[in-house]
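Peer 1: 3D, please:
(one chain, ligands or ions: 3)
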Amino acid sequence: MDLKEHIDEKKLPRHVALIMDGNGRWATQRGKERIFGHEHGVEAVRDTVKAAAEIGISHLTFFAFSTENWCRPHREVETLMDLLVQAIKNETPELHENGVRLNAIGDLESLPEKCRRSLEEAMETTASNTRLHVTVALSYSARWEIVNAAQKIARQVANRTLQPDQVDEDVFVSAMETHDIPDPDLLIRTSGELRLSNFLLWQLAYAELYFTPVFWPDFRKKHFYQAIIDYQRRERRFGKVKAEALTTKNV
Ligand code: IPE
Ligand code: IPE
Ligand code: MG
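Peer 2: Ligands and ions are numbered 1, 2, ... in the order given. Modelled structure (predicted):
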């Protein structure tokens, strides 16, 4: 039986975030340079987007490049940026045809000009699509995002458009990069690493975490569906008690 048939369409996560990890190790295992792994990671992104669109997930976020990744060897960073421009150019027409809206979060100002331009073009082209909202986190780190949000709020307080005691969770959420997307319900990280590496620390507060040993270049639809099935077996309580426990006897 197809894995997809085990998925309950009524219990889909609204937003799935992915930490695409293991490209370097995948390449090293094959006696190749790390960048070979990054090149093969593009296919995994394509498959994941298709998998999500097929079952009707509305939001996907990919962690593509962290603030800390700037500290990698210059050549790897440069090739990664070129690869990114290439991937955006190659993939945007098909994404657009399939109703996918592309967006980016992170310190986009720090990206090379060619990268920023191709991103802006892709975002503009796909702006009115509604089937699936794909966000790419680039030059992103959660601590950068939180500090940035705090600065925005501080400016509003300084110019008296906001009172200090009006600063609540909603104000914070609207100052975050992700202000127009719901929090992730499910986080998938590939390559067996069991950490968040500075990704969406605020937004993942109540996400279900799923770790797989599969290296990102090998990640395919079936792995995505396995993660969704695993997610659907979990009980999300958000700090409350189990729904069934709330009988008249117990309340
Ligand atoms: C993820 O793969 C891609 C990026 C972080 C850009 P890595 O490049 O981190 O691969 P490993 O973790 O070293 O194997
Ligand atoms: C996290 O992976 C960043 C991305 C996937 C873009 P890293 O490979 O940079 O994280 P660490 O160094 O293993 O924590
Ligand atoms: Mg890594």
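
Peer 1: use CA for all of it now, contacts and neighbours both
Peer 2: OK.

Peer 1: which bits of the protein sit near ligand 1?
Peer 2: The chain comes close to ligand 1 at residues 20-25, 64-65, as judged by C-alpha under 6 Å from any ligand atom.

Peer 1: Tell me the one among the residues you listed nearest to H223.
Peer 2: The closest of the residues of the chain next to ligand 1 to H223 turns out to be M20 (C-alpha to C-alpha; 12.7 Å).

Peer 1: Could you verify my assumption that Q226 touches L3?
Peer 2: Yes. Q226 lies in contact with L3 (C-alpha atoms under 8 Å); the separation is 7.3 Å.

Peer 1: Ligand 2 contacts on the stretch 101-250 of the chain?
Peer 2: Within the stretch 101-250 of the chain, the positions near ligand 2 by C-alpha under 6 Å from any ligand atom are S197.

Peer 1: could the residues of the chain next to ligand 1 go into CSV alongside pLDDT, secondary structure and neighbour count?
Peer 2: Output for the residues of the chain next to ligand 1, formatted as CSV (pLDDT from 0 to 100; DSSP: H, G, I helix; E, B strand; the rest coil; neighbours: other C-alpha atoms under 10 Å):
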residue, pLDDT, secondary structure, neighbour count
M20, 98, coil, 22
D21, 98, coil, 22
G22, 98, coil, 24
N23, 98, helix, 22
G24, 98, helix, 18
R25, 98, helix, 18
A64, 98, strand, 18
F65, 98, strand, 21
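
Peer 1: Just want the most central residue of the protein.
Peer 2: T61 (2.2 Å; C-alpha atoms, centre = their mean).

Peer 1: Which element, helix or strand, includes it?
Peer 2: strand 59-66 (DSSP states H and E).

Peer 1: Just checking: what are the partner strands of that strand?
Peer 2: Strand pairing for strand 59-66, using DSSP bridges, gives strand 15-19 (parallel), strand 132-140 (parallel).

Peer 1: Determine which stretch of those strands is the most buried.
Peer 2: strand 15-19 (a mean of 24; mean count of other C-alpha atoms under 10 Å).

Peer 1: the helices in the stretch 101-250 of the chain, which residues?
Peer 2: Across the stretch 101-250 of the chain, reading from the start of the chain, the helices by DSSP state H, counting those that start in this stretch fall at 113-126, 142-158, 169-175, 221-232.

Peer 1: Verify the contact between I146 and V173 for me.
Peer 2: No. Using C-alpha under 8 Å, I146 makes no contact with V173, being 9.7 Å away.
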